[in-house]
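[1] coords please:
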Amino acid sequence: MEVISNVPSVLHTPLMSGANAISGVIIIGGIILLESTDLSTFSLNMVLGIIAVIFATLNVVGGFVVTDRMLEMFKKKKKKQS
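    The predicted structure is shown next:
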């Protein structure tokens, strides 16, 4: 928490984008790992590939949600006309 609180708010979005890119690489690696395994037998490669794809996908989706919410904070609010 200490590291995140010391980062200026302007840098949060690029850092989150970098984390999403790393998770995207993990998703691709997990898919390649699953492609190379024999799906008819239960193996460690299959379990690790499935876990990698699930967790990395959750991380990417969560990162995009957080990034979208942060970008909404920088938009100007529309004034209501009565």
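
[2] quick one: average confidence on the longest helix anywhere in the chain?
    Longest helix in the chain by number of residues, with DSSP state H as the criterion: helix 44-74. Mean pLDDT, taken over the full extent of helix 44-74, equals 83.

[3] residue nearest the centroid of this structure?
    Averaging the C-alpha coordinates of the chain gives a centre point, and the residue nearest to it by C-alpha atoms, centre = their mean is Val60 (2.0 Å).

[4] roughly how far does it sit from Ala52?
    Counting by C-beta to C-beta, to the nearest Å, the gap from Val60 to Ala52 is 12 Å. (C-beta placed from N, C-alpha, C; glycine too.)

[5] between those two, which contacts overlap?
    Counting by C-beta atoms under 8 Å, 6 or more residues apart in numbering, the shared contacts of Val60 and Ala52 are Ile27.

[6] and the host helix or strand of Val25, how far from the chain's centre?
    Element membership of Val25, judged by DSSP states H and E, is helix 12-35. When C-alpha coordinates are averaged (C-alpha atoms, centre = their mean, to the nearest Å), helix 12-35 and its chain have centres 7 Å apart.
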